[in-house]
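# sequence plus the predicted model coming up.
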Amino acid sequence: MRSMLTPDHDATTPLLQAHALTFARNEETIFGPLDFTLQTGEIVLMEGDNGSGKTTLLKVLSGLLEATSGEVLLHGAPLTLAKLSHQVALLGHLLGLKLELSALENLRFAIGLGGIRTGITPQLALASVGLDGFEDQPLRMLSAGQRKRVALARLLLVPAALWLLDEPYANLDREGIELVNRILDNHARRGGAALITSHGAYAFTSGTPRRIALKAAA
Amino acid sequence: MKPGTTAAACVALLRRDLMLTWRRRGDALNPLLFAVIVVSLFPFALGPQADVLARIAAGTIFVAVLLAMLLSLDALFRSDLEDGSLEQLVLSPHPLSLLIACKIAVHWLTTALPLIAVAPLLAELLQLPAQVLPVLLTALALATPLLSLIGAVCVALTVGMRRSGMLLTLLVLPLIVPALIFGAGACNAAQAGLAFTAPLLWLGAWLALALVLAPLAAAAALKISLT
């Protein structure tokens, strides 16, 4: 497995490319045609109203859904679910965490499933999202914002270069929003990239990310 | 960076699901209670004559165990679908069929194994002749994993639907009737002093086939359910 964080790919090949990407359900176009590229070290904010297909787009980009037409290239190669391996991490509306288990147990499972970056432990990841002292609490006892932070800690642990984050700011307080921005900055600096969706209600506080507007299908 | 191995992923999934069953152990005991109650009701309904009970014992226990397992089947993938864990499993770099096989193994361990463990007690309750008990246990040991495997495919097909309980039962029942016929048939043959190995071998053959094919089919069905 090649490390995605020390890119040994051709520097000119974008991390992610979408060409004339469309997705339709029952003949009704959800989004597209859409063209964009995502370079390493880049954070892109995907903006669109409710129902404009942001979540669907992330599912197509992660390989969970198949595009109706157009193509997605990951490091210049067509994307298939089998090829994704450790390259993509998806954080959706559903966090994929078990409420009966503690934060630490959830993270240990994620590591077993997806591997772990060097130089980080679940405890460190939890501390860096501000959940010191909540390691052994069942998630059922935590608030929605705290659960979101556990999911962010999972992103820190799992070795994926491309992050697809669906409304990462939802449920978070001001400090949490800054935390997301800080995590994204660090990720970009280490050669990762992220595509984030937002319906525009949250201010992106750091830097000026490239924005792509997603219009609701007419 | 340390990418996870497939073996590590399977161990992590087995650990997590066993831990979850333990945390929800009240629910997990449901099938066991159901089977015990059903079987213990039969003597009340049919009267305590030992010869009548002995004749129906093996079949009754078989039916009760299979129905009890059906109870817990619907929950196999539901919570994973509802909290997004299933997406994470599908996106993981490991073969989904292998991960599904782990989930099926946990289902069998936590549902069928306790049922097989109480089967001798149920057999005693219904006056099953002692020499038939080993045949009953063997037949259950072969038929219950078969139900877990076949059931998993049907659950994977229906999990995306809102009210899938009824449909699931309709799908699974015809598929497990052969397992019931051969399993209970082996017990009846043993009870009548006839040869009983052939039906058991049939069950074994089906189990071998299902072990290979069912996880693949369930994985494909789950990917469809997610879209």
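Looks like it came in fine.

# what does chain A put close to chain B?
Taking CB under 8 Å from any CB of the partner chain as the criterion, chain A approaches chain B at residues A:1, A:3, A:5, A:62-66, A:81, A:84-86, A:88-90, A:92-101, A:105, A:108-118, A:138, A:159. All C-beta spots, glycine's among them, are computed from the backbone N, C-alpha and C.

# what is the neighbour count of B:I224?
Each residue near B:I224 was counted by other CB atoms under 10 Å in any protein chain shown, and the total is 10.

# now do the contacts for it.
Contact analysis of B:I224 by CB atoms under 8 Å, 6 or more residues apart in numbering or on different chains lists B:157, B:160.

# about what we covered before: out of the residues of chain A next to chain B, list just those in helices.
A:62, A:81, A:84, A:105, A:108-114 (DSSP state H).

# rewinding a little: can you say which of the residues of chain A next to chain B are buried?
Buried subset of the residues of chain A next to chain B (neighbour count, 16 or more other CB atoms under 10 Å in any protein chain shown): A:5, A:62-65, A:81, A:84-86, A:88-90, A:92, A:94-101, A:105, A:108-117, A:159.

# and A:L195, that one's in a strand?
Yes: according to DSSP: H, G, I helix; E, B strand; the rest coil, A:L195 belongs to a strand.

# how about the longest helix seen in chain B: buried residues?
Scanning chain B for the longest helix, with DSSP H as the assignment, gives helix B:197-226. Within helix B:197-226, the residues that qualify as buried are B:199-200, B:202-204, B:206-207, B:210, B:214-223, B:225-226, counting by 16+ other CB under 10 Å.

# shaky segments in the chain?
With no chain named, the answer covers chain A. A:1-12, A:80-86, A:199-209, A:215-218 (pLDDT under 70).

# wrong one, I was asking about chain B
Using pLDDT under 70, the flagged stretches of chain B are B:1-3.

# how many residues are close by B:L126?
Neighbours around B:L126, by other CB under 10 Å: 22.

# so which strand or helix has the nearest residue to it once chain neighbours are set aside?
The shortest distance from B:L126 to any non-neighbouring residue, by CB to CB, 6 or more residues apart in numbering or on different chains, is to B:A57 (3.6 Å). Per DSSP states H and E, B:A57 falls inside helix B:50-73.

# so how far is that helix off the chain centroid?
14 Å (CA atoms, centre = their mean, to the nearest Å).

# what does chain B put close to chain A?
Checking chain B against chain A by CB under 8 Å from any CB, the hits are B:1-4, B:8-9, B:11-13, B:15-16, B:19-20, B:23-24, B:79, B:82-85, B:87-94, B:223, B:226-227.

# find the nearest non-adjacent residue to B:L211, please.
B:L149 (6.6 Å).

# which residues are in contact with that neighbour?
With CB under 8 Å, 6+ apart, B:L149 has these contacts: B:104, B:207, B:210-211, B:214-215.

# what's the closest of these to A:G192?
B:P215 (33.3 Å; CB to CB).

# quick check: the gap between the closest one and chain A.
With distances taken as CB to the nearest CB, to the nearest Å, B:P215 is found 16 Å from chain A.

# now do the contacts for that residue.
B:97-98, B:100-101, B:104, B:149, B:152.

# between the residues you listed, which is closest to A:F134?
Nearest to A:F134 among those, with distances taken as CB to CB, is B:I100, at 31.7 Å.

# next SSE after the helix or strand where that closest one lies?
Per DSSP H and E, B:I100 falls inside helix B:96-107. Sequence-wise, the next helix or strand downstream of helix B:96-107 (DSSP H and E) is helix B:113-125.

# okay, the angle between whatever helix or strand comes next after that next one and helix B:197-226?
Beyond helix B:113-125 in the direction of the C-terminus, DSSP H and E gives the next helix or strand as helix B:133-158. Helix B:133-158 and helix B:197-226 are oriented at 20 degrees to each other (axes from the mean of the first three to the mean of the last three CA atoms, to 10 degrees).

# how about residues contacting the helix or strand harbouring B:L76?
Using DSSP H and E, the element containing B:L76 is helix B:75-82. Defining contact as CB under 8 Å, 6+ apart, one finds that helix B:75-82 is touched by A:94, A:98, B:27, B:85-86, B:89, B:103-104, B:107, B:151-152, B:155-156, B:159-160, B:222, B:225-226.

# now do the buried residues in it.
B:75-77, B:80-81.

# and that helix, how far from the chain's centre?
Counting by CA atoms, centre = their mean, helix B:75-82 comes out at 17 Å from the chain centroid.

# skip ahead from it and say which helix or strand is next.
helix B:85-91.

# dump that next one to PDB, restricted to CA.
Extracted C-alpha coordinates of helix B:85-91, given in PDB (Å, rounded to 0.1, in the frame of the first residue of the first chain):
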ATOM      1  CA  SER B  85     -22.000   1.800   9.800                       C
ATOM      2  CA  LEU B  86     -22.900  -0.200   6.700                       C
ATOM      3  CA  GLU B  87     -21.600   2.600   4.500                       C
ATOM      4  CA  GLN B  88     -18.300   2.500   6.400                       C
ATOM      5  CA  LEU B  89     -18.100  -1.300   5.900                       C
ATOM      6  CA  VAL B  90     -18.800  -1.000   2.200                       C
ATOM      7  CA  LEU B  91     -16.200   1.800   1.800                       C
END
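
# contacts for that helix, please.
Here helix B:85-91 has contacts from A:62-64, A:81, A:84, A:88-90, A:92, A:94, A:96-98, A:110, A:113, B:13, B:77, B:79-80, B:96, B:99, B:222-223, B:226, using CB under 8 Å, 6+ apart.

# so what secondary structure elements neighbour the helix holding B:A57?
helix B:30-46, helix B:113-125, helix B:133-158, helix B:165-191 (3 or more CB pairs under 8 Å, 6 or more residues apart in numbering or on different chains; DSSP states H and E).

# may I have it as CSV, with CA atoms only?
Output of helix B:50-73 as CSV, limited to C-alpha atoms (Å, rounded to 0.1, in the frame of the first residue of the first chain):
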residue,chain,number,x,y,z
ALA,B,50,-45.0,-39.8,27.0
ASP,B,51,-45.5,-41.6,23.7
VAL,B,52,-47.4,-38.8,22.0
LEU,B,53,-44.8,-36.2,23.1
ALA,B,54,-41.9,-38.4,22.1
ARG,B,55,-43.3,-38.8,18.6
ILE,B,56,-43.5,-35.0,18.0
ALA,B,57,-40.5,-34.0,20.1
ALA,B,58,-37.8,-33.7,17.4
GLY,B,59,-40.1,-31.9,14.9
THR,B,60,-41.4,-29.5,17.5
ILE,B,61,-37.9,-28.6,18.8
PHE,B,62,-36.7,-28.1,15.2
VAL,B,63,-39.6,-25.8,14.3
ALA,B,64,-39.2,-23.8,17.5
VAL,B,65,-35.5,-23.3,17.0
LEU,B,66,-35.9,-22.2,13.4
LEU,B,67,-38.7,-19.8,14.2
ALA,B,68,-36.8,-18.4,17.1
MET,B,69,-33.8,-17.7,14.8
LEU,B,70,-36.1,-15.9,12.3
LEU,B,71,-37.0,-13.5,15.1
SER,B,72,-33.5,-12.1,15.4
LEU,B,73,-32.8,-12.2,11.6
